[in-house]
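Undergrad: Below is the sequence, then the predicted model.
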Amino acid sequence: MDEQEAEESQASEAENSERFVILFRHGIAEEKSTDKPDDDRALTREGNARMKQNARGLAAVFPKAEALYSSPLVRAIQTGLWVTKGYRKKLRLQTIEALRHEKDPAEVIELVRGLKERRIILVGHEPHLSRTMAEWTGMGSTDLELKKGGCYGLRVPDDGPAVLEWILPPRILRKLE
């Protein structure tokens with residue numbers, strides 16, 4: 001085995017020993033009101049239009065996604081459905097309680113570590129996604145906050161803290177489509 005083959009083999013092994021996880025915030029939703037439970041708030045017309053574009057941008061920057069999970073809240077599910085369309089329905093949307101905004105970020109981290117897929121998209125809410133990112137990377141607390149339709153890209157080794165590789169605001173995702 002020559003030096004180049006050895007380097008390629010090491011790179012392949014490293015890739016197989018880690019995950020890449022996208023933490024994706026849902027789109028613009030209806031305003032909170034006393035008439036409708038928070039869980040039932042849907043994306044607005046603008047939220048749907050932007051998520052259609054953002055999902056295509058996400059597919060362009062992260063083409064090899066293997067799994068898609070969403071919070072069970074309506075606005076997150078609708079965002080997840082746009083993601084499935086952005087990936088030409090190659091991904092199946094699954095909902096998980098761990099992505100609800102009031103849940104402990106450790107539940108998300110534990111769930112992902114138990115998955116067989118290596119390239120994962122998680123659709124959820126703020127400030128839960130930023131708290132999850134901060135706990136996973138060892139930042140502790142952070143002033144970072146995703147805009148609606150933005151995402152974090154995390155490289156997650158099988159052992160040790162995750163690494164925040166990038167933050168994509170929604171306006172950049174829309175330009176990538």
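TA: Perfect, thanks for sending it.
Undergrad: Who does the residue nearest the centre of the chain form a beta bridge with?
TA: The C-alpha lying nearest the average C-alpha coordinate of the chain belongs to Leu23 (C-alpha atoms, centre = their mean; 2.5 Å). According to DSSP bridges, Leu122, Tyr152 are recorded as the beta-bridge partners of Leu23.
Undergrad: these two touch, right, it and Leu129?
TA: Yes: at 4.5 Å, Leu23 and Leu129 qualify as touching, with contact defined as C-beta atoms under 8 Å. (C-beta placed from N, C-alpha, C; glycine too.)
Undergrad: Mutual contacts of those two, please.
TA: Taking C-beta atoms under 8 Å, 6 or more residues apart in numbering as the contact rule, the neighbours common to Leu23 and Leu129 are Leu122, Leu146, Tyr152.
Undergrad: Which of those lies at the shortest distance from Leu111?
TA: For the shared contacts of Leu23 and Leu129, the minimum distance to Leu111 (C-beta to C-beta) is 9.0 Å, reached by Leu122.
Undergrad: so what's the closest one up against?
TA: Under the contact definition (C-beta under 8 Å, 6+ apart), the residues listed for Leu122 are Val21, Ile22, Leu23, Phe24, Tyr69, Ser70, Leu99, Val108, Val112, Leu129.
Undergrad: And the strands in this structure, which stretches?
TA: Along the chain, the stretches classed as strands by DSSP state E are 18-25, 67-70, 93-95, 119-124, 151-157, 163-168.
Undergrad: Identify each buried residue in the fifth one, please.
TA: Right, the one you point to is strand 151-157. Residues of strand 151-157 classed as buried under the neighbour-count rule (16 or more other C-beta atoms under 10 Å) are Cys151, Tyr152, Gly153, Leu154, Arg155, Val156.
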